[in-house]
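K.L.:
Whatever this is, show me its structure:
(chains A and B)
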Amino acid sequence: MLTHSEIFPGIHLRCVQDRRFKHSALSLQYIRPMCREEAAMNALIPSVLLRGCKSAPDLRQITQRLDDLYGAAVSPISRRAGDWQTTGLYLSLMDDRFAREGEALTEQAMDFLKELLFAYPEENGGFLPEFVEGEKINQIYAIEAEFNDKRAYCAQQLLKNMCREDSFGVPRMGEREDVEAITPQSLLSHYRRLRRESQIEILYVGSAAPERMAGLVRKLFAEEDRAPLPLPAQSCLRLSKAADLSERMELTQGKLCMGFVTPVTAKDPGFPAMQLLCAVFGGDVTSKLFRNIREKQSLCYSIGAGYYSAKGIVLVSAGIDFDREAHVREEVLRQLDACRRGEITEEELTAARASLISALESVPDSPGALESYYSSMVLGGSGLDPQAHRKALEAVTPEDLTRAADSLTPHSTCFLKGVSQ
Amino acid sequence: MTGTSYPKLDETVYRKVLPNGLRLAVVPKPGFAKKQAYFVTDFGSIHTHFRFEGREYTVPAGIAHYLEHKMFDLPGGRDVSAEFAAYGASSNAFTSYDMTAYYFSCTDHFDESLRLLLEFVSTPHFTAESVEKERGIIDQEIGMNLDAPDSVVFENLAKAMYERHPIRIPILGTAETIREITPENLTLCHKAFYTPGNMMLCVMGDVDPEAVEKAAREILGDGKGEVGEKIRDWDESMTCAQGDVGDAMEVAMPTFTLAFKCPAPGKGDAAIRQEFLADLAAETLFGESSELYLKLYDEGIIDSSFGGGYETIDGCALFTCGGDSMDPEAVRKAVLSAAQDFSGISRTAFDRMKRSAFGRRIKGLDSFDATCFRLCAYAFSDFDYFRFPEIYKTIQKEDVEEFLKQTLRAENSCLSVIFPVREGDEEI
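P.N.:
Numbers count the residues shown, from 1 in each chain, chains lettered A, B, ... in the order given. Just a heads-up that it's a prediction; the model follows:
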């Protein structure tokens, strides 16, 4: 069961107490509006914090502290949640009961988090320049490395282009030039503002009781001087004018991505139907796209559809031969038309529904899955817990699916093709 | 079935070897909805040379992976994936250099899904037409792999380091070798290596071990078949077959793997001890608390993608590090010089590393998927994975120091790099 308490104004602790696990997961996220001005800084802050604190001033000593906690891991988080962006830290920790001398690992880990978050070294009114410059380079590399995974790159180019006027088009790590412009001073002043003004979400999954966690969180923020502001509301997608993209590069296989839009988002009562439709259309190996385009016609190696429910965008991605672009596009639209006409077999529907429900039922079986599910549920998601979500999926009728398919409109595409094409 | 309890891990495993030779392991997880099953054969892409029913065979490279694809066809046009899906189970498979695994996870209809898993993996059904059709799909997969820098960097490395061992050839085979795959040689491999005596079934979840055994015996029968005898004619010297390798691809930044060739550790406790010890050695040298990591990270030569480890594949072992770097050559220089200057590990640092490795393995047990996989993979190396705490106890810091001394030599190392194309040659 998820418990919730507001420890201090704007500081929310949510806990799932579960003694079955061998480790716990905890996320601590500052919630920000997703915007070009902040994205690069919000993504950079946790990496800079993880470079050193006063009691563990370099990477080596940080790792040693984590090793002492039986291989605990703290990693940076910066997630997109609709029109919001989160920034913070994620902790995964072995359960106390396996510690050799019965150490209270949770207390020790929370103390360490506090040092990482607030006891960072400063210089000339900024973070340490070597930390900031080093992590800026890493972030620029990470932005450029997105280019290496061609399927993801293709999808990203398309999304960026569809959402030029929407927060969804803002890259999660910012653009290269935004990162370059950051100084140790500008970053620290932004972090101070964020510590003071942001809403904070802490999600814990593990064996500790919510009261114990509440005490630890209270201690964590006891000295913080805060004046939290409310968050801007989530908005509908501001869609840009359609424009098809294509890019030539050294590739063995072409990558095609087709973008569709729907007014149905995670907040909409039609959300479960849209989610189920996407599973029927392009979810997994039993979906229409996979069965017909890959299996029956051997037109591609991989194909699938993804639903960005915060904004009502559906992307179909496929790895194909360069000369099959037109053919595959046509086939994808034909399969969508079949959904619109209600040509969905009992078998297709059962399989898609069973697969979504099975995934939901497995959520309570892993600290990581629970953290991620509840985190997105709370942060501008559907608001449905796994049980309610399951019920809603069970209630979807074939007519709901037809309606969902009807609401999907093709918008634009992106194609990565070989240099010699 | 007999249960063994592991109080340090808070787990119990029920094990049995069935009359047909199948190794069975069930890890009951009361209170969990998820159930996971792995059905694995000790047969991977490198096992292309073997003796069976009195004859010697060499089969085309890539056949283990091709076979994995074709197992999903059942007689009468039945679609295995669709049947799993109807139970709400999600199923998949993968082929590695030395094993092939079929698995599913579900929350409901476990018994039906388990029976389906056992049935489809034990039912060969290869028609000329369906084998032909698969070629197109696998050709595409090979193509996709050629666009993946991480695969190419390792495949280039293996080819450069090994002269005889079949790790030289990609798991998928090549467009040429897969032309040679026929219903006949697929059937042969299935008969030789998909017999229960060469396989293992591992289940994790809130299930009854006896029911798992019952399903396995009913579907697979009690008959024991001959197991193909792998011919491991791949004696290798410890020097590398050729020098460094480089390739240009569409990447943003160079990506590299630096590897040191090691003697294959073999099987059993000693081999696993060697593996854990080598992992600690990798942690000592390349881990985030190492001097080397700190220095290279501070200089901006590596980023958090950098890491090292020890990989064993039937008949070979590699001590590696890699990641993205603007200057892979500088990383190599630093590694070799760190090896030269290495003066040993402090007792505190060593204990801390062991504690951390232990904790990470405990945490890993929360993943059913990873745990089933490890139980199978280690069982094929004649080791019970859940005995890892006692293996750690036997490893001393001197063992790790000695390993590093023996392993880190320039003459048994090789650097594989993928450089960015772009600038200058983008429009042809």
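
K.L.:
hey, let's count contacts and neighbours off CA atoms from now on
P.N.:
OK.

K.L.:
Is the residue in the stretch 301-421 of chain A that chain B sits nearest to in a helix, a strand, or coil?
P.N.:
As assessed by C-alpha to the nearest C-alpha, chain B sits closest to A:Ala354 within the stretch 301-421 of chain A, at 4.1 Å. The three-state assignment at A:Ala354 reads helix, by DSSP: H, G, I helix; E, B strand; the rest coil.

K.L.:
ok, it - contacts?
P.N.:
Residues in contact with A:Ala354, defined by C-alpha atoms under 8 Å, 6 or more residues apart in numbering or on different chains, are B:Ala85, B:Ala86, B:Tyr87, B:Gly88, B:Ala89.

K.L.:
what subset of these is also close to chain A?
P.N.:
Filtering the contacts of A:Ala354 for proximity to chain A by C-alpha under 8 Å from any C-alpha of the partner chain leaves B:Ala85, B:Ala86, B:Tyr87, B:Gly88, B:Ala89.

K.L.:
what about whatever residue of the stretch 51-200 of chain B ends up closest to chain A, which SS state?
P.N.:
Taking C-alpha to the nearest C-alpha, chain A has its nearest neighbour within the stretch 51-200 of chain B at B:Gly88, 4.1 Å off. Following three-state DSSP, we place B:Gly88 in the coil state.

K.L.:
what's the neighbour count on it?
P.N.:
26 (other C-alpha atoms under 10 Å in any protein chain shown).

K.L.:
And the pLDDT at the residue lying closest to it once chain neighbours are set aside?
P.N.:
Among residues not flanking B:Gly88 along the chain, A:Ala354 sits closest, at 4.1 Å (C-alpha to C-alpha, 6 or more residues apart in numbering or on different chains). Looking at A:Ala354, its pLDDT reads 90.

K.L.:
With A:Leu360 as the reference, measure out to A:Ala354.
P.N.:
Per C-alpha to C-alpha, to the nearest Å, A:Ala354 is found 10 Å from A:Leu360.

K.L.:
Tell me which residue lies nearest the centroid of chain A.
P.N.:
Nearest to the geometric centre of chain A sits A:Arg79, at 4.8 Å (C-alpha atoms, centre = their mean).

K.L.:
wait, what's in contact with that residue?
P.N.:
Per C-alpha under 8 Å, 6+ apart, neighbours of A:Arg79: A:Gln85, A:Thr86, A:Thr87, A:Arg172.

K.L.:
same thing with B:Arg164?
P.N.:
B:Trp234, B:Asp235, B:Glu236.

K.L.:
The last one contacts B:Met161, doesn't it?
P.N.:
So that's B:Glu236. No. Judged on C-alpha atoms under 8 Å, B:Glu236 makes no contact with B:Met161 at a distance of 9.7 Å.

K.L.:
More neighbours: those two, which one.
P.N.:
Neighbours per residue, other C-alpha under 10 Å: of B:Glu236 and B:Met161, the larger number sits with B:Met161, 30 against 18.

K.L.:
What about the more buried one? Give its phi and psi, please.
P.N.:
Dihedral pair for B:Met161: phi -90, psi -30, per degrees, to the nearest 10.

K.L.:
just for the chain, where's the confidence low?
P.N.:
With no chain named, the answer covers chain A. A:420-421 (pLDDT under 70).

K.L.:
I was after chain B.
P.N.:
Residues of chain B that meet the cut-off, pLDDT under 70, sit at B:422-428.

K.L.:
Skipping adjacent residues, who's closest to the residue most central in space within it in space?
P.N.:
In chain B, the residue lying closest to the centroid (C-alpha atoms, centre = their mean) is B:Ser96, at 5.3 Å. Using C-alpha to C-alpha, 6+ apart and skipping residues adjacent in sequence, the residue nearest B:Ser96 is B:Gly44, 5.7 Å away.

K.L.:
Does the residue of chain A most remote from its centre lie in a helix or a strand, and which?
P.N.:
In terms of distance from the mean C-alpha position of chain A, A:Glu101 ranks first, at 37.2 Å (C-alpha atoms, centre = their mean). Under DSSP states H and E, no helix or strand contains A:Glu101.

K.L.:
Can you tell me how far it is from chain B?
P.N.:
Applying C-alpha to the nearest C-alpha, to the nearest Å, the value for A:Glu101 to chain B is 12 Å.

K.L.:
that older thread, so who does the residue nearest to the centre of chain B touch?
P.N.:
B:Gly44, B:Ser45, B:Ile171.

K.L.:
Dump the residues you listed into JSON lines; add secondary structure and neighbour count as well.
P.N.:
Below are the contacts of B:Ser96 laid out as JSON lines (DSSP: H, G, I helix; E, B strand; the rest coil; neighbours: other C-alpha atoms under 10 Å in any protein chain shown):
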{"residue": "B:Gly44", "secondary structure": "coil", "neighbour count": "24"}
{"residue": "B:Ser45", "secondary structure": "coil", "neighbour count": "25"}
{"residue": "B:Ile171", "secondary structure": "coil", "neighbour count": "23"}
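
K.L.:
any bit of the host helix or strand of B:Phe319 sitting next to chain A?
P.N.:
B:Phe319 is part of strand B:316-324, with elements assigned from DSSP H and E. No. Figure legend: strand B:316-324 not in contact with chain A (C-alpha under 8 Å from any C-alpha); closest approach 8.8 Å.

K.L.:
if we look at that strand, which residues are touching it?
P.N.:
B:165, B:253-265, B:278, B:282, B:286, B:302-303, B:305-312, B:407.

K.L.:
out of those residues, who's near chain A?
P.N.:
Answer for the contacts of strand B:316-324 near chain A (C-alpha under 8 Å from any C-alpha): B:Met253, B:Asp303.

K.L.:
quick one: buried residues of stretch A:27-42?
P.N.:
Within stretch A:27-42, the residues that qualify as buried are A:27-36, A:38-42, counting by 16 or more other C-alpha atoms under 10 Å in any protein chain shown.
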